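Student: coordinates for the following, if possible.
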Amino acid sequence: MVATKAERMIAPVVNNVPIIENALHVLDQVSDLGKAMPFVAPAFVLVKFIIEVERKARDADAKCNDLLERITFMLSNLPALKNVEIIKPTQLVIERMNGILKDAASLIAAYRKQGAVARRLHLNNKDKFVAAVESINKCSNDIMISLQIHQTTRLDILTRGVPADPEDEAAREFVARHGDLDDVKNNPELVSEFAKQQHLQMEEEVMEQLNINIADSMQQTMGRLEGMLAGNINSAIVDGLKALAAEMHTSEAQQHFICVQCQKDYTDTSNGPQSCSFHLESYSSWSRTQPCCGDANKPCQYGSHRSAHHCDYPYAEFFPYAQRILGYVDTVQEWVSVEDTHLEDNTAQKASAGRLLRWASRANLIDKPTILITVGTIWHDKPYYFHTFTAEDLESVAEAIRLTGKTVIFRTSSKASEFAMAEWLVSATNKVSGIRLTAHSATSDSPFIRVRFIDPVTCTMSGDVLTLSEGGFISYTPASPYRLPESVRVSPEISDLPLRPPRTDFKTRTTSPALRVILKTMSDPPLGANVDLAGPAVDFFTGEVAAFNNNSATSSNPITIASVAASFRLVGDEDYTPVKEFKFLDNAQLPVTIEPRQSWPIKFQVIVPRSKEESDLQLRWFNRALVARDRPLRLKLVLQDIENEECSIVLEYVFKPWTFDTPKEGDLAYFYLDDPVRADRYYVRVTKPDSTNVIDLNGTPLDQKRLEKVVYQAIKSGETEIDLGINQEKLNGVWEWNAWALIDLSCRRVYAFKIVMKEGKLVTTKRFGCLGYVLCPNYGGTPKASRPIRDAVEKVKLPKLEPYVVQPFPTDDKLDDFVPEPPAPDRPINGTNAPASTSGGQLVISENLERRLTSIDSNLSRIAEALERLADIGSKKY
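Tutor: Purely as a prediction, here's the structure:
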């Protein structure tokens, strides 16, 4: 049974340090025996060799530990030789022990030469250990019988079974699920899958190791051991044990590593299959959790410590490391790449190869030429490959290919319909000569396949990239031009120019000739609209008028203005309506006295209310007045003097719309509708943006991949008019637009776009809309074979629109036109035309003179009354 994750989390770490120390202790005890009895000396040399192999091993192994314990137990019985007479049978038993130790040493050495993955998948390895254990057990019994040793307390070492690591059981079940051992050994994808499941490193030599018989490796090691035993046995015992002990202490003191998975310090002897704990993905500061398992306080993965980054299985620290290389432009010189995107779920199958320049952006250049190969999307929940190769690595790769015939570097999936893959190309001289990359998505008609030839000695590219298959989604060239329906627009045509310039010819009107005031408009234009303020229910108008006292400078006739009022009307109306509010902008205080031949500047602001329909629009316009969008507005300013005489002037405001957008050079199409209610033009502009995108629909760029997705959707659904899902709402719902792609299923391409503009949710009565067509620019790279065109079946139309009646509005009227009457000429006092005197001889006074005398009298009375009021104000003040 494969151990569950919980069982593996609590499983004890296999540690070979105590076992090695115990073996050294036993060797130290019996070292003198080897000097006295040379036939025993080979045993010490062989055990020393086994200890060295186990000490250098990167991980502890239950079978190796068990075998070393049995050997140590067997040697621990040898001191009894000092107490017995050495006879021929005893010496034969010791010589057989040396042979058994030689076999055990060669087995352990050959076993340790295999990588972690190969050791587990070589299921027959355990049979070799079982055979060695049986030999050691039998020899130990023979030694104890020969030396007359009666021991019962430690015999469990000999009677127990051969242990197995959890990974061995996992390998056995994995092989059973996938056929037999040969099926797994000859399938790199299955080997890689097993390595990831067990968090083991997938070495480059693993396929070679799986196809090498351990018996052959044992035979090679046996020859090496024979050479060692042919040397000086005694010196090997004495010097070897001392050197080995010293080396053990030095190694423990110096050989420390930093694990790339958990960032912790470790040594080889302390490293076990459950020593390292880590997460699959980095902590998310945004969600404040661990995305891979949801628990930031407890790691979710366990395995051996690793001193170098790898892609055998995902771990959180790997992805920042890969990003530092792949996320910048100065770290890798790309030689070749392929990518194919699924047209429905947008997943990408991709692979690339290139020269690794730096390990991080702006870091020093790498001295040794290095090739970087990546396959798949590098993320914890995706299959991926990320590995570097030097010239020496390529030599090992070539040898592995020679032995196994396997050229696949990595493949993301065994599915034929969707995968990414990298493969080695090998020359006739058995040298790596190139890299072939393949990417195929399930929605593509054929895969992308590209080849980059390389020089394996210098790790540089050679020649040009060879494209074997373009792949992707295939479209065809239309055999004839497409003909589009006419565009339709339902809306009045409005202008962005004012109706006319505002009138400035209005004259001052007075209620009495005695009020000699001239009002003059000083602002240009006469009225400004919403200059500094804007509201949804009113319009703010500002202006400036000068009130001039037209009395003679020598007349001493000042004019005192007691109040100022304003009213408005639209051209065509008969009556004026008081404004909502009038105020001075310069904080003027009434009454104001104007001396003869002097003027008073009146800077003012008035608030004009909008109608209910206009208020419901909730428009805040600056520099434009909604209330006057259809007809000019006239504002009457009325000044009243202290004697309740009035003078007035009219100021006019003519609406000036914002300048409308217009078609520009290079536009593929320009669709618009005019809104007379809001005095605005809404438009959709279609352009050809750049080489990256095929077309731009009013700020929404569409590239070739997006169009291919649309066509693929049409093929699957049978619909040839596809909603692009733009659905842009403008001005918070005043109007909206959307676009549909028209698909030619024969040529498998988008040939045109339909644009629909209409009023939005804020408009209750829909009256305006626009439906337009624009051809799609050609796309798709190399032209394919031509096919007859097939037009799309259109279903989308303009919604039902209510009729809009254009109302004729007057632009001017004569209600405020006024021409002052010229004053009547004074009648002469004396002259030929003078009337005859009365019988009483009284002088007859002319009508003009009488009128002037009356005016003087009135002015004197008014001045006297004003002086009295001023005196009264002064007395109250002091």
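Student: all contacts plus neighbour counts: C-alpha atoms, from now on.
Tutor: Noted.
Student: then V336 would be within a strand, right?
Tutor: Yes. With the criterion set as DSSP: H, G, I helix; E, B strand; the rest coil, the secondary structure at V336 is a strand.
Student: tell me which residues form a beta bridge with it?
Tutor: Beta-bridge pairing for V336 (DSSP bridges): A353.
Student: where's the closest residue to A109 other than its chain neighbours relative to I157, distance?
Tutor: Counting by Cα to Cα, 6 or more residues apart in numbering, the nearest residue to A109 once its immediate chain neighbours are dropped is V53, at 6.4 Å. Counting by Cα to Cα, to the nearest Å, the gap between V53 and I157 amounts to 22 Å.
Student: and what of T659?
Tutor: As defined by Cα to Cα, T659 lies at a distance of 98 Å from I157.
Student: and these two? Which one has more around it.
Tutor: It is I157, of T659 and I157, that has more neighbours when counted by other Cα atoms under 10 Å, with 16 against 11.
Student: so what's that one up against?
Tutor: Contacts for I157 (Cα atoms under 8 Å, 6 or more residues apart in numbering) come out as 69-70, 73.
Student: now it: phi and psi?
Tutor: Geometry field for I157 lists phi and psi as phi -60, psi -40, criterion degrees, to the nearest 10.
Student: report how many residues lie close to I755.
Tutor: The local packing of I755 (other Cα under 10 Å) involves 21 other residues.
Student: just the element for it, please.
Tutor: Under the criterion of DSSP states H and E, I755 resides in strand 749-759.
Student: what strands flank that strand, and is each parallel or antiparallel?
Tutor: Strand 749-759 sits in its sheet next to strand 735-744 (antiparallel), strand 769-775 (antiparallel), going by DSSP bridges.
Student: name the nearest of the contacts of I157 relative to N732.
Tutor: Nearest to N732 among these, counting by Cα to Cα, is E69 at 81.5 Å.
Student: ok so, going back, just the CA trace of the strand holding I755, in CSV.
Tutor: The C-alpha atoms that make up strand 749-759 are tabulated as CSV, following Å, rounded to 0.1, in the frame of the first residue of the first chain:
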residue,chain,number,x,y,z
ARG,A,749,-13.4,33.8,-41.0
VAL,A,750,-15.0,37.0,-39.7
TYR,A,751,-15.8,39.1,-42.7
ALA,A,752,-17.6,42.0,-41.2
PHE,A,753,-18.9,43.7,-38.0
LYS,A,754,-22.4,45.0,-37.3
ILE,A,755,-22.6,48.0,-34.9
VAL,A,756,-25.8,48.9,-33.2
MET,A,757,-26.2,52.2,-31.3
LYS,A,758,-29.3,53.0,-29.3
GLU,A,759,-30.6,55.0,-26.4
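Student: which outside residues touch it?
Tutor: Counting by Cα under 8 Å, 6+ apart, residues outside strand 749-759 touching it are 475-476, 482, 672-673, 707-708, 710-711, 733-744, 766-777, 797-798.
Student: could you rerun that using 7 Å?
Tutor: Taking Cα atoms under 7 Å, 6 or more residues apart in numbering as the criterion, the residues outside strand 749-759 that touch it are 475, 707, 711, 734-744, 766, 768-776, 798.
Student: ditto for stretch 491-510
Tutor: Applying Cα under 7 Å, 6+ apart, the set of residues contacting stretch 491-510 is 518-519, 646-650, 652-660, 673-674, 676, 768-769, 817-818.
Student: over to stretch 789-807?
Tutor: Contacting residues not belonging to stretch 789-807 are listed as 478-480, 720-721, 742-747, 756, 765-769, 771 [Cα under 7 Å, 6+ apart].
Student: show me what the helix or strand harbouring A105 is packed against.
Tutor: Assigning secondary structure by DSSP H and E places A105 in helix 88-113. Using 3 or more Cα pairs under 7 Å, 6 or more residues apart in numbering; DSSP states H and E as the contact criterion, the elements in contact with helix 88-113 are helix 41-56, helix 125-146, helix 214-229.
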